[in-house]
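> Show me how the following folds:
(chains A and B)
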Amino acid sequence: AQKVTQAQTEISVVEKEDVTLDCVYETRDTTYYLFWYKQPPSGELVFLIRRNSFDEQNEISGRYSWNFQKSTSSFNFTITASQVVDSAVYFCALSVDNYGQNFVFGPGTRLSVLP
Amino acid sequence: DTAVSQTPKYLVTQMGNDKSIKCEQNLGHDTMYWYKQDSKKFLKIMFSYNNKELIINETVPNRFSPKSPDKAHLNLHINSLELGDSAVYFCASSPKGAVPYNEQFFGPGTRLTVL
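Okay, here's the model as predicted:
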């Protein structure tokens, strides 16, 4: 069975600090896909990134970066120079098939960025 | 233009009632999904429909039934509502019917409260 762990339940930082959200996954499949979603206070879910298991290149998108390490089964998310608008719940998710079966979300990490 | 819309946004009802939540997407996507997010923010996939065919059905009670009149709509009907059904329900869609290859676009959510 698949499992996603986000050990940090809540994180608070002051604006402009860097912050890393941890994600550890478990799967026996060799082909799998990892995702990050953002849920701001308004409640909608926003897709941030998708990564497949064969692509271990780290990715940077503006202030966001992702560090995928198969050796430690981790897919961590770093926000550089955080802003108040980054305050949200962030979900890491894992999928191992083509049609969403076994698509599992982590419990989420609530990030509060204080001014 | 709203990509994935849900109605109603809020739904308050008595235990034992039957209710429906509507979802429409104007993205031309092939697959639509329903997710349940409980009070602890845990997200769990409930159903997905690909070209009007049910692909997955997680272990949800049969009181929940997805209905897809066409590719752009996936409604969720719930019979005999129970207190534990109180949650936020999200509709989502993705192109090509393959979750891992495509991001999911989420609706704004419907907050269901069962009294």
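> got the residues of chain A near chain B?
Applying CB under 8 Å from any CB of the partner chain, we find that chain A lies next to chain B at A:32-33, A:35, A:39, A:43-47, A:50, A:52, A:89, A:91, A:93, A:95, A:97-101, A:103, A:105, A:107-108, A:110. Heads up, the C-betas are built off the backbone N, CA and C, glycines and all.
> who are the neighbours in contact with the residue nearest to B:P69 when sequence neighbours are not counted?
Computed as CB to CB, 6 or more residues apart in numbering or on different chains, the closest residue to B:P69 that is not its neighbour in sequence is B:N75, at 7.5 Å. Contacts of B:N75 were listed using CB atoms under 8 Å, 6 or more residues apart in numbering or on different chains, and they are B:20-23, B:66-69.
> Mind checking which of the residues of chain A next to chain B land in strands?
Residues of the residues of chain A next to chain B located in strands (DSSP state E): A:33, A:35, A:39, A:46-47, A:50, A:52, A:89, A:91, A:93, A:95, A:105, A:110.
> Going through those residues, which ones are buried?
A:33, A:35, A:39, A:47, A:50, A:89, A:91, A:93, A:95, A:105 (16 or more other CB atoms under 10 Å in any protein chain shown).
> Need the residue closest to the centroid of chain B.
Nearest to the mean C-alpha position of chain B, by CA atoms, centre = their mean, lies B:W34 at 2.9 Å.
> mind checking which helix or strand it is in?
Using DSSP states H and E, B:W34 sits in strand B:31-37.
> Tell me which other helices or strands that strand touches.
Here strand B:31-37 touches strand B:19-25, strand B:43-50, strand B:73-78, strand B:87-94, going by 3 or more CB pairs under 8 Å, 6 or more residues apart in numbering or on different chains; DSSP states H and E.
> Could you dump the ones you listed into TSV and include distance to A:T78 and mean pLDDT?
Output for the helices and strands packed on strand B:31-37, formatted as TSV (distance: least, CB to CB, whole Å; pLDDT from 0 to 100):
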stretch	distance to A:T78	mean pLDDT
strand B:19-25	32	97
strand B:43-50	22	86
strand B:73-78	35	95
strand B:87-94	26	93
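> do you know which of these lies nearest A:R28?
Closest to A:R28 of these is strand B:43-50 (CB to CB; 19.7 Å).
> So for the closest residue to A:S53 other than its chain neighbours, what's the pLDDT?
Nearest residue to A:S53, sequence neighbours excluded (CB to CB, 6+ apart): A:Y32, at 4.8 Å. Reported pLDDT at A:Y32 in the predicted model: 88.
> now A:Y32: how far from A:Q69?
The spacing between A:Y32 and A:Q69, counted by CB to CB, to the nearest Å, is 14 Å.
> of those two, who's got more company?
Neighbours around A:Y32 and A:Q69, counted as other CB atoms under 10 Å in any protein chain shown, are more numerous at A:Y32. The numbers are 20 against 11.
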